[in-house]
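Undergrad: Curious how this folds, go ahead:
(one chain, ligands or ions: 1)
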Amino acid sequence: MTLLGRLADEGLSSGAEVSVKLSAVGQALPGDGEKIALEHARQICAAATAAGTTVTLDMEDHTTTDSTLGILTELRRDFPSTGAVLQAYLYRTETDCADLAYEGSRVRLCKGAYHEPAAVAYQDKTEVDRAYVRCLKVLMAGAGYPMAATHDPRLVEIAGALAVRHERAKGSYEYQMLYGVRPDEQLRLAGQGERVRVYVPYGDQWWGYLVRRMAEKPANLTLFLRALTSTG
Ligand SMILES: Cc1cc2nc3c(=O)[nH]c(=O)nc-3n(C[C@H](O)[C@H](O)[C@H](O)COP(=O)(O)OP(=O)(O)OC[C@H]3O[C@@H](n4cnc5c(N)ncnc54)[C@H](O)[C@@H]3O)c2cc1C
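TA: Got it, this is the predicted structure:
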């Protein structure tokens with residue numbers, strides 16, 4: 001809420017949206033967790049609307065997917081621009097993409113960041129990449145607003161090619177990357193007139209976020225330590 005107020009005050013809300021992890025607003029609580037998360041998310045969506053921007057629900061581990069998509073449906077009744085994240089590594093995601101590829105629907109497609117079992121997710125990197133392409137094809141061919149969240153150079157190229165194939169105007173889809181990852185590529189795409197959004201962690205609950213990024217890419221630890229010890 002504070003962040004949304006600040007974005008509005010600084011006149012930045014048209015260029016920024018907020019991502020919310022439902023686990024941070026109660027989803028994992030026993031009993032009424034889902035209801036509590038929905039109520040909190042509703043308040044955040046209302047604040048985002050007042051600030052002139054939108055909310056995207058981050059996707060967490062596969063045990064929360066149905067609950068998160070259910071909350072998305074509820075939120076979209078009052079806040080139709082609320083976006084969702086789908087993870088290409090889950091077997092179910094191609095179907096979820098088809099379900100969400102409708103007019104006004106905003107979908108961020110990522111590979112997926114959690115360690116998931118073979119019962120629900122592809123384990124092999126190449127399989128995940130192939131699934132990402134299949135999902136992206138569905139989203140780009142659909143009527144919604146695809147958000148290609150990847151730093152993978154091949155997938156970035158394929159996203160561009162699919163946008164051309166489906167005669168999508170620049171700005172009818174976007175690229176998303178993490179703050180500090182491939183910044184030159186972010187600038188290159190923006191320089192070509194593409195819409196690029198950078199995901200910036202905010203707030204004091206940064207430890208869990210940092211640990212997940214480290215687990216995902218241990219090489220990040222070197223970058224992090226270098227940044228900590230750098231004086232420049
Ligand atoms: C905007 C955004 C939002 C996201 N939201 C979610 C979410 O809600 N739920 C979820 O499960 N996951 C989310 N993710 C994470 C995502 O699922 C992947 O784990 C992450 O993006 C790495 O996958 P990749 O597509 O970049 O490909 P990878 O195959 O992991 O990486 C391709 C190349 O990109 C570079 N690279 C990738 N990641 C990093 C890094 N962290 N640091 C340095 N270099 C890197 C490397 O050069 C690497 O070789 C999000 C990612 C982005 C960009």
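Undergrad: and residue 202, what pLDDT?
TA: The score at residue 202 is 82. That number is its pLDDT.
Undergrad: For it, which non-adjacent residue is spatially closest?
TA: residue 3 (5.7 Å; C-beta to C-beta, 6 or more residues apart in numbering). Any C-beta I mention is one placed from the backbone N, CA and C, and that applies to glycine too.
Undergrad: what's the burial count for that neighbour?
TA: 15 (other C-beta atoms under 10 Å).
Undergrad: What is the biggest helix by length in the chain packed up against?
TA: As far as residue count goes, and with DSSP state H defining each element, the longest helix of the chain is helix 33-51. Contact here means 3 or more C-beta pairs under 8 Å, 6 or more residues apart in numbering; DSSP states H and E; on that basis helix 33-51 packs against helix 2-9, strand 18-20, strand 55-57, helix 65-78.
Undergrad: try it again with 6 Å
TA: Here helix 33-51 is seen to pack against helix 2-9, strand 55-57, helix 65-78 when contacts are counted using 3 or more C-beta pairs under 6 Å, 6 or more residues apart in numbering; DSSP states H and E.
Undergrad: Quick one: closest of those to the ligand.
TA: Ranking the helices and strands packed on helix 33-51 by their distance to the ligand (criterion: C-beta to the nearest ligand atom) puts strand 55-57 first, at 8.0 Å.
Undergrad: And the ligand, is that closest one touching that?
TA: No: shown here: strand 55-57 not in contact with the ligand (C-beta under 6 Å from any ligand atom), separated by at least 8.0 Å.
Undergrad: Adjacent strands (with direction) for that strand?
TA: Listed by DSSP bridges, the sheet partners of strand 55-57 and their directions read strand 18-20 (parallel), strand 83-87 (parallel).
Undergrad: Quick check: residues of the chain near the ligand?
TA: Where proximity means C-beta under 6 Å from any ligand atom, the interface of the chain facing the ligand comprises 58-59, 85, 87, 110-114, 149-152, 176-178, 181, 199, 213, 216-217, 220.
Undergrad: before we move on, back to that, include mean neighbour count and distance to residue 131 when you put the strands paired with strand 55-57 into TSV, please.
TA: Output for those, formatted as TSV (neighbours: other C-beta atoms under 10 Å; distance: least, C-beta to C-beta, whole Å):
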stretch	mean neighbour count	distance to residue 131
strand 18-20	18	22
strand 83-87	24	9
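Undergrad: Same list (those strands) but as a markdown table, adding mean pLDDT.
TA: Shown next, in a markdown table, are the strands paired with strand 55-57 (pLDDT from 0 to 100):
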| stretch | mean pLDDT |
| --- | --- |
| strand 18-20 | 95 |
| strand 83-87 | 98 |
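Undergrad: Show me the contact partners of the longest helix of the chain.
TA: Defining contact as C-beta atoms under 6 Å, 6 or more residues apart in numbering, one finds that helix 33-51 is touched by 1, 4, 7-8, 13, 20, 22, 25-27, 29, 54-55, 67, 71, 74-75, 79, 82.
Undergrad: Using neighbour counts, pick out the buried residues of that helix.
TA: Residues of helix 33-51 classed as buried: 33-34, 36-38, 40-42, 44-45, 47-49, 51 (neighbour count, 16 or more other C-beta atoms under 10 Å).
Undergrad: Strands of this protein, start to end?
TA: Listed in chain order, the strands of the chain (DSSP state E) span residues 18-20, 55-57, 83-87, 106-110, 145-149, 174-178, 196-199.
Undergrad: Off-centre distance for the fourth one?
TA: Put plainly, it is strand 106-110. If you compare the mean C-alpha spot of strand 106-110 with that of the full chain, they lie 6 Å apart, counting by C-alpha atoms, centre = their mean, to the nearest Å.
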